[in-house]
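[1] Show me the folded form of this:
(2 chains)
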Amino acid sequence: MRELFRRYKLLLLAVVLLMATVLLYSYNLRHKSTTTFFERAVLTFAEPFQSGIDQTVDAVRNVWKNYLWLVDARQRNIELLKENRELKAKLLQVEEISLQNQRLRALLGFVDDLDRPALPAQVIGEDASNWARTIVIDKGTKSGLRNGLPVVAAEGVVGRIIKISQNSARVLLITDASSAVAALIQRTRTRGVARGQGQDLSVEYALRTADIEVGDLLVTSGMGGIFPKGLPLGKVADIEKGQFGLFQQVKVETMVDFSHLEEVLVIVGEDQ
Amino acid sequence: MRRFLLYLLIGIFFALLQSSVLPLFFEPNWRPNLILILVLFLSFHEGLPLAVFGGMVLGAIQDSFCGPSLGLYVSADLAIVMLTKLVAEQLNVESPPLLLLLVAAGTLVQNALLGFFLTAFADTEPVISILLPAIPQQLLANLVFSALLLVVYLRLLKWFGYRGGLGSLLYQGKHYGH
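    All right, here's what the predicted structure looks like:
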């Protein structure tokens, strides 16, 4: 027996380790709302780098847009470029500021409609995998945020905070496969659960007999206790009704374009 | 210890690249899994204790940069380290094409493990419909980036004059006609 144990010592150890890690994963699944020390440490450590990379990319992009791409033009027409270069650079800056202004105005308008205190945050990172849908924002416990707070954009719901450190937080997007939001069809008040499908959403538990049409707006129902009632989630894009079964298959396109998300709002308080 | 720290730093650098830089240029399905490539490299290049411990730590880092729960990539990467160790004993892992084949196999195994864990433990069935269609793009991205990393690695070996592993093979092949 001892000989057998000695011979397969490493294999046994590896199997025990594997089982331990699976148990760890299973344990963490049941305690989703807590951020472990390791995760907090990694988030805290990564935040300055992610902010730095974000700023560097912006700076490089600005330098590229404002100066480098003008090299060809300068070769074609040096005098004209000399006259216009600074103006163009300023114009680009003004356009950028104007676009940001528009986005922030839309966000502020959204906050007014929402009638709840909200905190603006910048997106500084995305998920490192191709299957999970999360983003990292540049606000954390220092700004008064905590796990579970809803995150929105001017167009609608973005997701909710699942991990948090002092200066950054990870947001689970509504398109993630593990995300489920209590929802209802605005026109008919048909209830369902909006489940993430990667790029879009599906509405689960929508009864086969329920009146749902393509183009209907899907909003949060406020039942889950996380998202306030009435926030737009998406528009119904496709409906499939089989001959049998209790429910219909409803596909929903999200209102928010998650591939171009730059600023978001974290809803921090109750109704005012 | 020094080698472990080096793998750790490279792992964190890769995680930052994957979460902050690559999303600027690639759609999610076309983003390479650089940490998986590092775990595979670690598995066939280092001894069992460092490979197992390093694989678990790299998995934990990847868990911290993606998805909602810690432990998923720790388990998947540990299983990959063990499988790679078993396979590495049977194969000539010094051959670059074989290494690329291992990366392809590693990508498939990791996707299968993630799909299994996420469906069996986390009740996220839609993830299968996200993972499966992405496999061809993921395979291609991982192969292209691992080939690039291999070229960089061999170039570094040449510059720094260290001739162990693949470097020694190429060096011997060049000088002794093997």
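[2] so the residue nearest to the spatial centre of chain B is in which element?
    Nearest to the mean C-alpha position of chain B, by C-alpha atoms, centre = their mean, lies residue B:37 at 1.9 Å. Mapping residue B:37 onto the secondary structure by DSSP states H and E places it in helix B:34-45.
[3] what residues does that helix touch?
    A:128, B:7, B:10-11, B:14-15, B:17-18, B:50-51, B:54-55, B:58-59, B:61-62, B:73, B:77, B:80-81, B:84-85, B:88, B:93, B:99, B:102-103, B:106-107, B:110, B:142, B:145-146, B:149, B:165 (C-beta atoms under 8 Å, 6 or more residues apart in numbering or on different chains). For every residue, glycine as well, the C-beta is placed using N, CA and C.
[4] and what of stretch B:142-156?
    Contacts made with stretch B:142-156 from outside it, assessed by C-beta under 8 Å, 6+ apart, are listed as B:32-34, B:36-37, B:96, B:99-100, B:103-104, B:106-107, B:166-167, B:170.
[5] what about that stretch, distance to the chain center?
    Mean-position distance between stretch B:142-156 and its chain equals 12 Å (C-alpha atoms, centre = their mean, to the nearest Å).
[6] Stretch A:207-216 too?
    Averaging C-alpha coordinates over stretch A:207-216 and over its chain gives two centres that are 27 Å apart (C-alpha atoms, centre = their mean).
[7] what's the span of that stretch, first residue to last?
    The straight-line separation of the ends of stretch A:207-216 (C-alpha to C-alpha, to the nearest Å) is 16 Å.
[8] how much space between the residue nearest to the centre of chain B and chain A?
    According to C-beta to the nearest C-beta, to the nearest Å, residue B:37 and chain A sit 13 Å apart.
[9] Lowest average confidence across helices and strands of the chain, where is it?
    You didn't say which chain, so I picked chain A. None of the helices or strands of chain A scores lower by mean pLDDT, DSSP states H and E than helix A:71-76, at a mean of 61.
[10] mind listing which of the contacts of helix B:34-45 are in strands?
    Cross-referencing the contacts of helix B:34-45 with the strands (criterion: DSSP state E) gives no overlap at all.
[11] Just the C-alpha atoms of the helix holding residue B:37, please, in PDB.
    Extracted as PDB, the C-alpha positions of helix B:34-45 are listed here (Å, rounded to 0.1, in the frame of the first residue of the first chain):
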ATOM      1  CA  LEU B  34      -1.800  34.700 -23.800                       C
ATOM      2  CA  ILE B  35      -2.000  33.300 -20.200                       C
ATOM      3  CA  LEU B  36      -2.900  29.900 -21.600                       C
ATOM      4  CA  ILE B  37       0.100  30.000 -23.900                       C
ATOM      5  CA  LEU B  38       2.200  30.900 -20.900                       C
ATOM      6  CA  VAL B  39       0.700  28.100 -18.800                       C
ATOM      7  CA  LEU B  40       1.500  25.600 -21.600                       C
ATOM      8  CA  PHE B  41       5.000  26.900 -21.900                       C
ATOM      9  CA  LEU B  42       5.500  26.600 -18.200                       C
ATOM     10  CA  SER B  43       4.100  23.100 -18.200                       C
ATOM     11  CA  PHE B  44       6.600  21.600 -20.700                       C
ATOM     12  CA  HIS B  45       9.500  23.800 -19.800                       C
END
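[12] pLDDT below threshold where in chain A?
    Applying pLDDT under 70 to chain A flags the ranges A:31-33, A:70-77, A:82, A:85, A:109-115, A:270-272.
[13] one more time with 50
    Scanning chain A for pLDDT under 50 picks out A:272.
[14] now the strands for it?
    Here chain A has its strands, by DSSP E, at A:118-126, A:134-137, A:150-152, A:157-164, A:169-173, A:180-185, A:191-196, A:201-204, A:217-220, A:232-240, A:249-254, A:263-267.
[15] Okay, now the sheet partners of the last one, with direction.
    Listed by DSSP bridges, the sheet partners of strand A:263-267 and their directions read strand A:118-126 (antiparallel), strand A:150-152 (antiparallel).
[16] Cool, thanks, signing off.
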